[in-house]
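A.B. asks: Provided below for reference: sequence and predicted model.
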Amino acid sequence: MTNALLENMVSKDQLLSYIYGLTIKTGKGLEKAVELAQEQIPDVIHQFLMWKLAENILSVIIPLILFGSMFIIKNKLWPKNFDENKPDHFISAIGVFLGFVATGAISLINLCTNGYTVIQIWLAPKVYLLEQVKNLLQ
């Protein structure tokens, strides 16, 4: 039985040459993967920055448009001969005021948070990327 096992066993040299061949193929595959990553990473980073910039610009612009539309709504709802003693006029005045306060607050919050990000991407994109990597690692 020992002779049968020895006959079926691969020699040590054959095994080492097979492992060496696999190692060489693996190394070449890794080199190709690294080359591909080095070619693609700058484009991926650029696309990521442009996406985040566009996303934050829209987050700033949309609430400002809503705030501006409140002026249009005010001009349409606000009666020309405003009489504070009429209940309908008083209710519309409260509605317009609350609309201005709500859209103004939302616009201000978005301008502060997303405006900061837009400026950071524009002036210091590497710092922004480092912060994003730090957030991913946490």
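C.D. replies: Okay, I see it. Please read these numbers as outputs of a predicted model, since none were measured by experiment. Numbering: from 1, shown residues only.
A.B. asks: who are the packing partners of the strand or helix carrying Ser92?
C.D. replies: Secondary structure from DSSP states H and E places Ser92 in helix 87-123. If contacts are counted by 3 or more C-beta pairs under 8 Å, 6 or more residues apart in numbering; DSSP states H and E, helix 87-123 sits against helix 12-77, helix 125-137. Heads up, the C-betas are built off the backbone N, CA and C, glycines and all.
A.B. asks: for Ser107, find the nearest of those helices.
C.D. replies: helix 12-77 (4.1 Å; C-beta to C-beta).
A.B. asks: hang on, the earlier thing: so can I have JSON lines of the helices and strands packed on helix 87-123 showing distance to Leu111?
C.D. replies: Shown next, in JSON lines, are the helices and strands packed on helix 87-123 (distance: least, C-beta to C-beta, whole Å):
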{"stretch": "helix 12-77", "distance to Leu111": "6"}
{"stretch": "helix 125-137", "distance to Leu111": "18"}
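A.B. asks: could you export the ones you listed as CSV, including mean neighbour count, mean pLDDT and distance to Gly99?
C.D. replies: Below are the helices and strands packed on helix 87-123 laid out as CSV (neighbours: other C-beta atoms under 10 Å; pLDDT from 0 to 100; distance: least, C-beta to C-beta, whole Å):
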stretch, mean neighbour count, mean pLDDT, distance to Gly99
helix 12-77, 12, 85, 5
helix 125-137, 11, 90, 34
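A.B. asks: nearest to Ala93, out of those helices?
C.D. replies: Of all these, helix 12-77 comes closest under C-beta to C-beta, at 9.0 Å.
A.B. asks: distance from that closest one to the middle of the chain?
C.D. replies: From the chain centre to the centre of helix 12-77 is a distance of 9 Å (C-alpha atoms, centre = their mean, to the nearest Å).
A.B. asks: tell me the angle it makes with helix 87-123.
C.D. replies: 150 degrees (axes from the mean of the first three to the mean of the last three C-alpha atoms, to 10 degrees).
A.B. asks: and helix 12-77, what does it pack against?
C.D. replies: helix 87-123, helix 125-137.
A.B. asks: right, I'll call it a day here.
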